[in-house]
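Undergrad: sequence? don't have it. structure:
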Ligand code: SF4
Ligand code: SF4
């Protein structure tokens, strides 16, 4: 038995499939592909498939890590990748299958590409908002078991950003906290910008390009 | 996909309902087909995707090289609102194309309370809801499924209905359509020819006249349409097409597994049961075929569960053979076989041992009525002893939760019969505590679900008045007040919902106006409690001067012309009358395994039933 890290891309309409539903989808894909996956023990055994970090509904991913365990050493990671690709629905693709190097808990940052419609979001205003240091949003959290809304200082969360403007698109590349400690997704960032500017822009597209560790090295 | 849709999807609940792209969906080149078919389920994606019939008919239509059949579900109200705001017409999931340009729009009619959704979907598509206002040949709006047995309340919205099992007749309709499309026929020309296909009912070719008292006077065919339309059946289930794959939904739907029908029809003939009489004669599929098809589907879909379905699975004559075949390979592939409520008493020890290894669904019984007299009236031939015996076997086998299904408002029901429900449930509770092998350290829970009886066409009770809402209210209270044990939890069906169901089930064509007006006043998703607007419906009845109680709560004479008298489901009215009279005398009729009761349905199958 060995552990392998699959790097999954999620593009197009399948981005609307939620994190919870992804597990069921992968389970079925693995079964169709006849991949000898390790199953959990117990009364209701299910295959061990671990999505290391949730991708928010509507966000695409370029290389999302998924850990699985293969029970038959004769089946190579390349074979796992190819068989799975033959059985995944449109929009999902295993880009690579590698030996895990870092621990899942090392994931700290996510690099995103967020595209806006220039008629909804003006480049100068967006720059102003991102430079303001005053971006805030609300996130639901738990306090003493109760659901509460917590204020989040978004400006403090943003590690870095750059902006590129073309005629029909405004592209924001931004590094946001990702991982078990702190998380901020492109929608929450957009909400904060909208609140600051009094706009109501919605991203045309949001893609998570890659995950990074605390030292800004690519997660492997 | 329309970029406007992509943009609004992040703002609605469960957007994956509207994207398509699931594994197993059929994609074709739209320029390479002649017929575009929109298969519509007039309820949510989750309900529709759980339905076996749609999977079968979807696959069959797509087997045709000249046809591309796609799926459409009723958008949930949040999505509908956004689509209307932005003028996005109803589209098919596979291609994303608006369905108003399709050749066929086919609705499956599973229950009466989805009728307003049909109108809403046609309207969202950008089409007039009334058939007479849709002048062109395309789209042909057709309907099939159980409610097609009395389609009169929705007759004005449809071009044609297909009665009975659709596997063969749908293709015949499409063949004919292809010819007429090439020829450039009018819709009328096509429909006149379509009415000649056995099993096809074209409502516009029938004139309905009424008596002064509101009952139907006559149903008169015109333009050569047949006086009686007889439903279609599939004679050989082993050789009829069965899908090799299912569309596998992304999101959690109600039934998310491989479902397999093992036989059609039911041998028991419970007198309230429309499904039984609509689906006779009895035809079984062989265990080998079922097993092979299940295996194929498991491999194609990646599902890890198989559910055997039919009206009464334990009556399948070769159930033990089938389970042995399935249990041979399923545990090794980590596939669970979900067992419908089976009578385990006559299984061999060896099979029982194997069954222990699979996960079991909850234990359910449907005695339907609380006293033996009442059960005799409805011909539910289960005795208390049999039930308690089976419950005991189950308790010894580790079960501690039981669900019992009953109906309130059955013909001749008295308060005593209602109390009998509690008494019977109490006996199940007692049986648990007296069972020495019951699970250690666990109490028993007995759930009682009491629905309201709705008389349906083509049953021996089709002439009976439905209990009025006031009567049902009294019965529900009485049951609650006389419950003998705290271990019993009762749940009821909503009385107002059952009332509307009762009205629509036996309604006539004049109800089309009521349904249309109710929909115009905002009624949709009537089967969903949170959206059901009973008061609006009652206002519409009032404004259109039609009495809902005339349809629901009136006793019909045997010689009254019923709105569905021109449709034939294989069981002559005479037989239903005989059963109705026997019910009044609390006399039972044997099930088909013991003795053929001569219901007549076997004539559709060359005189044969698989019993
Ligand atoms: S057993 Fe009775 S209720 Fe059940 S399907 Fe058969 S006839 Fe209907
Ligand atoms: S013809 Fe006889 S055996 Fe067949 S369904 Fe009717 S009663 Fe049963």
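TA: Great, that's in hand. This structure is a prediction, so every number in the text was calculated from the model and none was measured. Ligands and ions are numbered 1, 2, ... in the order given.

Undergrad: ok, the helix or strand of chain A with the lowest mean pLDDT: who's next to it in the sheet?
TA: Between all helices and strands in chain A, the lowest mean by mean pLDDT, DSSP states H and E belongs to strand A:136-143, at a mean of 79. Sheet pairing of strand A:136-143 (DSSP bridges) gives strand A:146-153 (antiparallel).

Undergrad: next helix or strand past the partner strand?
TA: helix A:154-157 (DSSP states H and E).

Undergrad: what residues sit buried inside that following helix?
TA: Buried positions in helix A:154-157, judged by neighbour count with 16 or more other CB atoms under 10 Å in any protein chain shown: A:154-155, A:157. All C-beta spots, glycine's among them, are computed from the backbone N, C-alpha and C.

Undergrad: then stretch B:207-219?
TA: Judged by neighbour count (16+ other CB under 10 Å), stretch B:207-219 contains these buried residues: B:208, B:215-216, B:219.

Undergrad: for residue 131, grab the count of nearby residues.
TA: Looking at chain A here, since you left the chain open. Number of residues near residue A:131 (other CB atoms under 10 Å in any protein chain shown) recorded here: 11.

Undergrad: could you do chain B instead?
TA: Residue B:131 has 23 neighbours, counted by other CB under 10 Å.

Undergrad: now do residue B:234
TA: Using other CB under 10 Å, residue B:234 has 17 neighbouring residues.

Undergrad: which residue would you name as the spatial centre of chain A?
TA: Nearest to the geometric centre of chain A sits residue A:55, at 3.4 Å (CA atoms, centre = their mean).

Undergrad: outline the domain layout of chain B.
TA: By the assignment in automatic domain parsing, chain B contains the domains B:3-230, B:257-359+B:569-611, B:362-493.

Undergrad: let me fix that: chain A
TA: Chain A resolves into domains spanning A:2-100, A:107-212 when parsed by automatic domain parsing.

Undergrad: could I get the ones you listed as a markdown table with distance to residue B:246?
TA: Putting the domains of chain A into a markdown table (distance: least, CB to CB, whole Å) gives the following:
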| stretch | distance to residue B:246 |
| --- | --- |
| domain A:2-100 | 11 |
| domain A:107-212 | 31 |
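
Undergrad: between those domains, which one is nearest to residue B:439?
TA: Residue B:439 sits nearest to domain A:2-100 of all these, at 14.6 Å, using CB to CB.

Undergrad: so what secondary structure elements neighbour the biggest helix by length in chain A?
TA: Using DSSP state H to define each element, chain A has its longest helix at helix A:19-32. Applying 3 or more CB pairs under 8 Å, 6 or more residues apart in numbering or on different chains; DSSP states H and E, one finds that helix A:19-32 makes contact with strand A:49-51, helix A:77-87, helix B:287-301.

Undergrad: okay, the angle between it and helix A:77-87?
TA: Comparing the axes of helix A:19-32 and helix A:77-87 via axes from the mean of the first three to the mean of the last three CA atoms, to 10 degrees yields an angle of 110 degrees.

Undergrad: what comes up buried for helix A:19-32?
TA: By 16+ other CB under 10 Å, the buried positions in helix A:19-32 come out as A:21-32.

Undergrad: circling back: any idea which of the helices and strands packed on helix A:19-32 is most buried?
TA: Most buried of the helices and strands packed on helix A:19-32, by mean neighbour count (mean count of other CB atoms under 10 Å in any protein chain shown): helix B:287-301, with a mean of 19.

Undergrad: so residue B:207, which of the three states?
TA: Classification of residue B:207 by DSSP: H, G, I helix; E, B strand; the rest coil places it in strand.

Undergrad: near ligand 1, which residues of the stretch 301-450 of chain B show up?
TA: Within reach of ligand 1 by CB under 6 Å from any ligand atom, the stretch 301-450 of chain B has these residues: B:311-312.

Undergrad: which parts of the stretch 301-450 of chain B are helices?
TA: Along the stretch 301-450 of chain B, the segments classed as helices by DSSP state H, counting those that start in this stretch run B:319-329, B:349-356, B:372-377, B:384-396, B:415-434.

Undergrad: so how far is the longest one off the chain centroid?
TA: What that stands for is helix B:415-434. Here helix B:415-434 is found 30 Å from its chain centre; the criterion is CA atoms, centre = their mean, to the nearest Å.

Undergrad: quick check: buried residues in that helix?
TA: For helix B:415-434, burial by neighbour count (16+ other CB under 10 Å) applies to B:417-429, B:431-432.

Undergrad: please apply the same query to the fourth one.
TA: Under the neighbour-count criterion of 16+ other CB under 10 Å, helix B:384-396 has B:384, B:387-388, B:390-395 buried.

Undergrad: residue A:166: neighbouring residues, count only.
TA: Residues lying near residue A:166 (other CB under 10 Å) number 9.

Undergrad: give me the pLDDT for it.
TA: pLDDT recorded at residue A:166 is 89.

Undergrad: residues contacting it?
TA: Neighbour list for residue A:166: empty [criterion: CB atoms under 8 Å, 6 or more residues apart in numbering or on different chains].

Undergrad: leaving out sequence neighbours, find the closest residue to the residue in chain B that chain A sits nearest to.
TA: Residue of chain B nearest chain A, by CB to the nearest CB: residue B:302 (3.1 Å). Leaving aside its sequence neighbours, residue B:302 sits nearest to residue A:28 (CB to CB, 6 or more residues apart in numbering or on different chains; 3.1 Å).

Undergrad: so what's the residue nearest to the centre of chain A up against?
TA: Residue A:55 is in contact with A:10, A:15, A:19, A:61, A:64, A:208, counting by CB under 8 Å, 6+ apart.
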